[in-house]
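>>> I'll drop the sequence and a predicted model, then ask my questions.
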Amino acid sequence: MAINSNTLAEMEVPEPYLDSLPKNGRSTLGDIIYHYITSDQFSPECLLDCLDLSTEYQALEVTNRVEASVYVWRRRVAAKPVNGLGRSSSARSSWGMVKDMMVDSEKRELLLAEQSEGLLICLKQRFSRLTQTSLDMSKIQYNKDVGKSILEGYSRVLESLASNIVTRIDDLLNIDELNGHAEHFAATDAEFRNTGLERSEALKNDLEWFRQQGHTIPKPSAPGTTYASLLEDLSEEDPQAFICHFYNVYFAHTAGGRMIGKKVSEKILNNKELEFYKWEGNLSQLLQNVHNKLNQVASNWSREEKDHCLEETEKSFSYSGGPFRHIFT
C-alpha cells in the first residue's frame with residue numbers, strides 16, 4: 001500500500017477534479033457529517049463510530065466526500081483576496097473590519113480542512129483495503145505520465161494477491177510471448193527488447209529447481225494460452241494496447257510480484273530466494289529506463305491513443321488474473 005500511496009501523493013490534483021467539486025463544505029459532506037466536523041468537540045473516531053459504514057460502498061462514499069471537502073475548503077481559502085489596495089482612505093476602516101472577518105473565516109476553513117484531513121486519515125486506516133477513491137481515479141485518468149498511471153492501476157490489484165509459484169508456468173508462456181512478439185514492433189518500439197526486465201530464463205531455472213525437488217510441472221492451462229493468443233494478436237494489430245500489457249506484466253513483477261514472491265518464499269520455500277525475483281543490474285534503473293522509453297513513445301500518441309492504452313488496463317487485469325483464479329480452483 002505504501003508504494004501506491006506515495007505514487008498517488010506525488011501526482012498533481014487534476015483541474016477537472018477540482019472543477020467538479022461543490023462550492024462549499026456542507027454540500028460536499030452532507031448535513032450530518034458537516035454538523036459533526038464543525039463541532040467544537042469533534043473526534044474523528046467518534047464520528048466514524050456513529051456513521052453507517054457497514055459496507056464497502058458506504059465507506060468509499062464517505063471517503064470520497066471527506067476527501068473532496070479537504071480540497072473545497074483549501075481552494076476557498078486560496079481564492080480569497082489578500083489585501084485592500086486601491087481603496088480610498090474613507091473606505092479603509094470598513095475594509096479593515098471586513099478583512100478581519102475574512103481572516104477569521106479563513107482560519108475557520110483551514111481548521112475545517114485540517115479536521116477533514118484527520119478524518120480522511122482515520123477512514124483510510126480503518127478501511128485500508130478500500131478501492132480507489134474518486135480523486136485516485138481522477139489522478140490516474142488525467143496523469144500525463146502514462147507509465148506511472150498504468151503501474152498504479154495494476155499494482156493496486158497485485159498487492160492483495162498471493163499464490164504458489166510452482167503453478168505459474170502460465171507466466172512463462174505469457175512472458176515468452178511478450179518477448180517473442182516484441183520483434184514485431186515498429187522500429188520506434190524496438191528499444192523495448194532486452195530491457196533487463198525479461199523473466200523467461202529466470203523462471204525456467206526456477207521451474208527446473210522445483211522439478212529437482214520432486215514437483216510435477218503442470219502443462220500450460222487455458223488461462224495462459226488464451227492470454228498468449230491475445231498478446232500475439234495485439235502485438236501485430238494494436239501497439240497501444242500491447243504496450244499496456246507489456247508494461248503491466250513487467251512492472252507488476254517488480255511491484256506486487258516481489259511482495260508475493262517474498263510471502264511464498266517465507267511460507268513454503270524456507271526463505272529460498274527464487275531466480276524469478278533477481279535482476280541483473282540495478283532494478284530501479286532498469287525500471288526507470290523502460291519508464292522513460294514508454295513515456296517517450298507515448299508522447300507521440302494522440303489523446304485518443306493514450307486513452308485507448310489506459311482503457312486496456314481493465315482487460316489486462318482480467319486476463320492476467322486468469323492464472324491466479326485458476327490456481328485457487
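Structure received.

>>> ok, Glu45 touching Cys122?
Yes. Counting by Cβ atoms under 8 Å, Glu45 does reach Cys122; the two are 6.2 Å apart. Every C-beta, even on glycine, is put in place using the N, C-alpha and C of the backbone.

>>> for the two, indicate the residue with more neighbours.
Cys122 (16 against 11; other Cβ atoms under 10 Å).

>>> please, which helix or strand holds that one?
helix 89-126 (DSSP states H and E).

>>> now swap in Val72 and tell me
Secondary structure from DSSP H and E places Val72 in helix 56-79.

>>> avg pLDDT for the helix holding Cys122?
Taken as a whole, helix 89-126 has an average pLDDT of 70.

>>> how far out from the middle of the chain is the helix or strand following that helix?
Under the assignment DSSP H and E, the closest C-terminal helix or strand after helix 89-126 is helix 134-142. Put simply, helix 134-142 sits 9 Å off its chain's centre (Cα atoms, centre = their mean, to the nearest Å).

>>> what residues of the helix holding Val72 count as buried?
59-60, 62-74, 76-77 (16 or more other Cβ atoms under 10 Å).

>>> just the angle for it relative to helix 134-142, thanks.
Interaxial angle, helix 56-79 versus helix 134-142 (axes from the mean of the first three to the mean of the last three Cα atoms, to 10 degrees): 80 degrees.

>>> which other residues reach helix 56-79?
13, 17-18, 21-25, 28-30, 33, 37, 51-53, 106, 109-110, 112-113, 116-117, 119-120, 123-124, 127, 130-131, 133-135 (Cβ atoms under 8 Å, 6 or more residues apart in numbering).

>>> hmm, 6 Å instead?
Contact with helix 56-79 is made by 21, 25, 28-29, 52-53, 106, 109-110, 112-113, 116-117, 119-120, 123, 127, 130, 133-135, as judged by Cβ atoms under 6 Å, 6 or more residues apart in numbering.

>>> next: stretch 112-123.
Ile37, Phe42, Pro44, Thr63, Val66, Glu67, Ser69, Val70, Trp73, Arg74.

>>> need these in TSV (columns: distance to Phe276 and pLDDT).
Output for the contacts of stretch 112-123, formatted as TSV (distance: Cβ to Cβ, whole Å; pLDDT from 0 to 100):
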residue	distance to Phe276	pLDDT
Ile37	48	87
Phe42	50	82
Pro44	43	86
Thr63	36	93
Val66	41	93
Glu67	37	93
Ser69	45	92
Val70	41	91
Trp73	48	87
Arg74	45	87
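
>>> tell me which of the residues you listed is nearest to Gln141?
Nearest to Gln141 among the contacts of stretch 112-123: Glu67, at 15.8 Å, using Cβ to Cβ.

>>> distance of the closest one relative to Glu117?
In this view, Glu67 and Glu117 are 9 Å apart by Cβ to Cβ, to the nearest Å.

>>> check Asn295 too.
31 Å.

>>> give me the more crowded residue out of those two.
Taking other Cβ under 10 Å, Asn295 and Glu117 do not tie; Glu117 has more neighbours (17 against 14).

>>> please tell me how far that one sits from Pro44.
Separation of Glu117 from Pro44 (Cβ to Cβ): 10 Å.

>>> quick one on the thing from earlier: any of the contacts of helix 56-79 buried? List them.
Buried, going by 16+ other Cβ under 10 Å: 25, 28-29, 53, 106, 109, 112-113, 116-117, 119-120, 123, 127, 133-135, out of the contacts of helix 56-79.

>>> and the protein, what are its domains?
As assigned by automatic domain parsing, the chain contains the domains 9-138, 144-327.

>>> tell me which of these sits most buried.
Highest mean neighbour count among the domains of the chain (mean count of other Cβ atoms under 10 Å): domain 144-327, with a mean of 17.

>>> Gln296 sits in which helix or strand?
Using DSSP H and E, Gln296 falls in helix 283-298.
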